[in-house]
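S.K.: Here's my sequence, what's the structure:
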Amino acid sequence: MGKDADRVAKTLTSVTIGAGLIGISILCPPLGAAATTTYGIVGASMEVAGSLSNNDELKEVGEVITFGAGIGGLGCGAIAAFSPGTHAACAGCKGAPWGKKI
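M.R.: Below you'll find the model as predicted:
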């Protein structure tokens, strides 16, 4: 792959991660926020580990995940701001056997 194709692939991967996190946030905002935070922490940790170990591939993967989490975080914030209150998926989880304690 050339440099431009590689950059496009990384950007598309980050956008796809962000879109997935936004989709999760639409269904269940608390889960979306938790997943976005987790992705951000994992991505940042991979970047640091890649830098410390001089592993460029690990660092690049961390950058892609961190960027995707940033996109997801923007979406989560917008969803939380424009859709306060209970959500259909959250109500569905409360009715499920594993959600009785919620």
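S.K.: Could you pick out the longest helix of the chain?
M.R.: helix 56-82 (DSSP state H).
S.K.: looking only at pLDDT, what's the mean for that one?
M.R.: Helix 56-82 shows a mean pLDDT of 86 in the predicted model.
S.K.: Distance from it to the middle of the chain?
M.R.: Distance, stretch centre to chain centre, for helix 56-82: 5 Å (CA atoms, centre = their mean, to the nearest Å).
S.K.: Give me the helices and strands touching that helix, please.
M.R.: helix 3-27, helix 29-52 (3 or more CB pairs under 8 Å, 6 or more residues apart in numbering; DSSP states H and E). Any C-beta I mention is one placed from the backbone N, CA and C, and that applies to glycine too.
S.K.: can those go into TSV with extra columns for mean neighbour count?
M.R.: Putting these into TSV (neighbours: other CB atoms under 10 Å) gives the following:
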stretch	mean neighbour count
helix 3-27	15
helix 29-52	17
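S.K.: For I71, which of these is the nearest?
M.R.: Closest of the helices and strands packed on helix 56-82 to I71 is helix 3-27, at 2.7 Å (criterion: CB to CB).
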